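A.B. asks: prediction below, plus the sequence it came from.
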Amino acid sequence: MRSIAERYCSHHALAEPAFARHALLRALPLHARLVYPLLRLVPDFFAADLEFIRSVGRAHSLRDFAIDAADFQQHPHNARVTRRVLRLRVSSRKFRRQLSAALSATTGPAAPAQASL
């Protein structure tokens, strides 16, 4: 079974090394995306976000997403005012929604059951 990152990259026509950065940008709130070019100049500003995204990407299903999201919320970097109050970090809800959309598109709908005659 392919990993979440592999399926996400297949859906978005990305090379696998681009997974974390692409997912990061799509999971940031709009106001954070606007200042992203400046924030990425701060060393390790998005380290916790990328760690969370890569951890989820290694999995094969979203079954353990809540555990990874809880770990992300408790990450020491998220205690900073810029990340906690100003929300200059990945939105786990937004990330889950984008993953769900990409994964359901790559697996496709289940085949309809045939009616018996």
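C.D. replies: Yes, it's here.
A.B. asks: now do the contacts for the spatially most central residue of the chain.
C.D. replies: Per CA atoms, centre = their mean, the C-alpha nearest to the average position across the chain is that of residue 95, at 4.0 Å. Residue 95 makes contact with 23, 26, 27, 52, 53, 56, according to CB atoms under 8 Å, 6 or more residues apart in numbering. To be clear about C-beta, it is placed using only N, CA and C from the backbone, and glycine gets the same treatment.
A.B. asks: tell me the spacing between the second one and residue 33.
C.D. replies: The reference is to residue 26. 9 Å (CB to CB, to the nearest Å).
A.B. asks: where does the chain dip in pLDDT?
C.D. replies: Segments of the chain classed as low confidence (criterion: pLDDT under 70) are 106-117.
A.B. asks: can you pull out the helices in it?
C.D. replies: Under the criterion DSSP state H, helices of the chain are mapped to 4-12, 19-27, 30-39, 47-58, 65-73, 81-84, 92-107.
A.B. asks: buried ones in the first one?
C.D. replies: Applying a neighbour-count criterion of 16 or more other CB atoms under 10 Å, the buried positions in helix 4-12 are 4, 5, 6, 7, 8, 9, 11, 12.
A.B. asks: fine by me, thanks again.
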